[in-house]
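K.L.:
no FASTA, just this:
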């Protein structure tokens, strides 16, 4: 057998010269290439393994990049990147200065639309298809690859509804593997299951009802079949759907059998597929697990507690609640807007509703937060996981805007716990009943306290905590970025440390104005530190307070500057943004 066909392919033009009978061997090589690199470099594994044949077929049949290929979300685009000029640098995937883990327009002309959040591909591809029609490019093809979990999202349905009445060269590939990051949920998932079992009768076909020419379902791992269907569909006019059945993690036994874990498994053995052994050393908990376990603890005593997440039960650890109280925990699918308003509806009926959404994904439900929750002052308890800089997933996933985009909305409380115990206590406080919605934001990763499951105590709303008195300069922090500040202060000699005060504001809204008056009367210099954008965050709020009260003290704001931080480790990105302990120390040095 001829070896290393993959090595002869630098761009899709090279791929199209390969005889069709050799493509299955290429698929095997591409799988091995992805597995070998992700085993050591980490990244999203299962999704890309599942679409290897589909990726090869798409670039083989269509004249990319002239024909436009749009990937939804982008977890599955590794094979695409390798075949489009990035094989030699693929080992830099998700690293500082390396290629992005998602399609990115500035990276390659083959990445036609930047993604990271789901359910955008049909809208983008439809926009491109109508643009091509207006320009008279009648032969240009536009293909959107969408998963079965993503196509159930509201935005995807809006695009389907529009596309069905257009006369465009739009092909939607429904990549159906019954799983997103967690297993897909909902009535549409049940419909796809029925289609797979019974075949798609025209009378009950949802896509035919929306004016799409529907084909399938077909085996997405049968390269010849996929290629022949794509060749046929090139010549079918109007909007089309090709339903392909794939297996997430295809080609690596463990990834096929444990699809949730192998979505992004961390390091593993490329030969056996076994995960790298976990440390046996006792570690502090992940913040998501503090949330999940605390919710179960509270729910066992309070039958009014409900848990809701849009498609992230494992990532948010709502899975603990779903296992313990399945009738009171809801995964609503990739539907952040629905999650927020659904939570509001339940809360109007007297339930204590905990709605857990990643910070970056709450952006997708901003109108619902304003109109359906805050305007009506409905006391939903929002737990925003992955707040602040999240690391290698990069700019589409950083949770750096929440403080700013929530800060301008009336009728809400914004709280950032300093540590695991404060997260527990604010959850305990919130479920006892508040008269406003509350947004609790906490970071990705582990805390720092081993003995965190303490007895609950109530937190006074709007109250800051003085951690350290000083004489000259005071640092105001919000959330766990306090750790970097403490580390910075700890590097100074004792005599200088005595000059620095430290206050954990905890609440961005309402601000503790009592303590702010004391601070502005006592200290010459006030430094604010936050792991959100400077614009709209804690620093701006403190400066606004100072101006309105006539204070003239020196104020320095440390936070995320007015840029989209790229990808890299959290420590690398904090250093670049100026919020690492080293950079905070440099700022403090000026005033000592």
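P.N.:
Received the coordinates, thanks. Computed from a predicted structure; not experimentally measured.
K.L.:
Regarding the protein, what is its longest helix?
P.N.:
helix 23-41 (DSSP state H).
K.L.:
Next, the contact list for residue 282, please.
P.N.:
residue 450 (CB atoms under 8 Å, 6 or more residues apart in numbering). Quick note: C-beta positions are derived from backbone N, CA and C, even for glycine.
K.L.:
Can you check what pLDDT the model gives it?
P.N.:
The score at residue 282 is 90. That number is its pLDDT.
K.L.:
Please apply the same query to residue 2.
P.N.:
Residue 2 is given a pLDDT of 57.
K.L.:
State the distance from the residue nearest in space to the middle of the chain to residue 141.
P.N.:
Centroid check for the chain by CA atoms, centre = their mean gives residue 397 as the closest residue, at 4.6 Å. Residue 397 sits at a distance of 30 Å from residue 141 (criterion: CB to CB, to the nearest Å).
K.L.:
ok, residue 363 - contacts?
P.N.:
Counting by CB under 8 Å, 6+ apart, residue 363 touches 401, 405.
K.L.:
next one: phi and psi at it?
P.N.:
phi -50, psi -30 (degrees, to the nearest 10).
K.L.:
Next: residue 388.
P.N.:
Torsion angles, degrees, to the nearest 10, at residue 388: phi 80, psi -160.
K.L.:
Which other helices and strands does the worst-scoring helix or strand of the chain on mean pLDDT contact?
P.N.:
Least confident helix or strand of the chain, by mean pLDDT, DSSP states H and E, is helix 187-198 with a mean of 83. Under the contact criterion of 3 or more CB pairs under 8 Å, 6 or more residues apart in numbering; DSSP states H and E, helix 187-198 touches strand 240-245.
K.L.:
circling back: may I see the buried residues of the least confident helix or strand of the chain?
P.N.:
188-189, 191-192, 195 (16 or more other CB atoms under 10 Å).
K.L.:
which residues sit against whatever helix or strand residue 542 lives in?
P.N.:
Secondary structure assignment for residue 542, by DSSP states H and E: helix 538-549. The set of residues external to helix 538-549 that reach it, using CB under 8 Å, 6+ apart, is 403, 407, 476, 478, 505, 508-509, 511, 513, 516-517, 520, 526, 528-530, 532, 534, 551-553, 555, 557-559.
K.L.:
Only whichever of these are buried, select them in ChimeraX.
P.N.:
To isolate the buried ones among these in ChimeraX, judged by 16+ other CB under 10 Å, type:
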select :403,407,476,478,505,508,509,511,516,520,526,528,529,530,532,534,551,553,555,557,558,559
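K.L.:
Show me the contacts of helix 538-549 that map onto helices.
P.N.:
403, 407, 513, 516-517, 520.
K.L.:
hmm, back to that, got the angle for the least confident helix or strand of the chain vs strand 240-245?
P.N.:
70 degrees (axes from the mean of the first three to the mean of the last three CA atoms, to 10 degrees).
K.L.:
which parts of whichever helix or strand comes after helix 187-198 are buried?
P.N.:
Sequence-wise, the next helix or strand downstream of helix 187-198 (DSSP H and E) is helix 206-209. Judged by neighbour count (16+ other CB under 10 Å), helix 206-209 contains these buried residues: 207-208.
K.L.:
Going forward, the N-terminal residue is numbered 891.
P.N.:
With the count now opening at 891, the last piece we talked about shows up as helix 1096-1099.
K.L.:
Centre of the chain to helix 1096-1099, how far?
P.N.:
31 Å (CA atoms, centre = their mean, to the nearest Å).
K.L.:
cool, stretch 1203-1212 as well?
P.N.:
With CA atoms, centre = their mean, you get 15 Å for stretch 1203-1212.
K.L.:
what comes into contact with it?
P.N.:
With CB under 8 Å, 6+ apart, stretch 1203-1212 has contacts from 1071-1072, 1150, 1176, 1178-1179, 1181-1183, 1185-1186, 1189, 1197-1199, 1202, 1218-1219, 1221, 1246-1248, 1273, 1275.
K.L.:
Show the end-to-end separation of that stretch, please.
P.N.:
8 Å (CA to CA, to the nearest Å).
K.L.:
Helices of the stretch 891-1040 of the chain, start to end?
P.N.:
Assigned by DSSP state H, counting those that start in this stretch, the stretch 891-1040 of the chain shows helices spanning 902-905, 913-931, 936-940, 942-951, 968-971, 1011-1024.
K.L.:
what would those helices look like in JSON lines with mean neighbour count, distance to residue 981 and mean pLDDT?
P.N.:
Shown next, in JSON lines, are the helices of the stretch 891-1040 of the chain (neighbours: other CB atoms under 10 Å; distance: least, CB to CB, whole Å; pLDDT from 0 to 100):
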{"stretch": "helix 902-905", "mean neighbour count": "17", "distance to residue 981": "20", "mean pLDDT": "97"}
{"stretch": "helix 913-931", "mean neighbour count": "19", "distance to residue 981": "6", "mean pLDDT": "95"}
{"stretch": "helix 936-940", "mean neighbour count": "28", "distance to residue 981": "15", "mean pLDDT": "93"}
{"stretch": "helix 942-951", "mean neighbour count": "25", "distance to residue 981": "18", "mean pLDDT": "98"}
{"stretch": "helix 968-971", "mean neighbour count": "27", "distance to residue 981": "12", "mean pLDDT": "97"}
{"stretch": "helix 1011-1024", "mean neighbour count": "20", "distance to residue 981": "27", "mean pLDDT": "97"}
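K.L.:
Of those, give the one that comes closest to residue 1337.
P.N.:
Closest to residue 1337 of those is helix 913-931 (CB to CB; 26.5 Å).
K.L.:
Centre of this protein to the edge, which residue is at the far end?
P.N.:
residue 1385 (44.0 Å).
K.L.:
Can you list the helices and strands that the longest strand seen in the chain packs against?
P.N.:
Of all segments of type strand in the chain, defined using DSSP state E, the longest is strand 1415-1423. The contact analysis (3+ CB pairs under 8 Å, 6+ apart) places strand 1415-1423 against helix 1292-1297, strand 1363-1367, helix 1372-1380, helix 1428-1439, strand 1444-1450, helix 1471-1479.
K.L.:
List of residues touching the last one?
P.N.:
Contacts to helix 1471-1479, defined as CB under 8 Å, 6+ apart, come from residues 1363, 1365, 1374-1375, 1377-1379, 1381-1382, 1390, 1417, 1419, 1446, 1448, 1464-1465, 1468.
K.L.:
so of the helices and strands packed on strand 1415-1423, which one's packed in deepest?
P.N.:
Scoring those by mean neighbour count under mean count of other CB atoms under 10 Å gives strand 1363-1367 as the most buried, with a mean of 26.
K.L.:
now residue 1118: how far from residue 1130?
P.N.:
15 Å.
K.L.:
More neighbours: the two, which one.
P.N.:
Neighbours per residue (other CB atoms under 10 Å) separate residue 1118 from residue 1130, with residue 1130 holding more: 22 against 15.
K.L.:
I'd say that one and residue 1103 touch.
P.N.:
Yes - with contact defined as CB atoms under 8 Å, residue 1130 reaches residue 1103; the gap is 4.5 Å.
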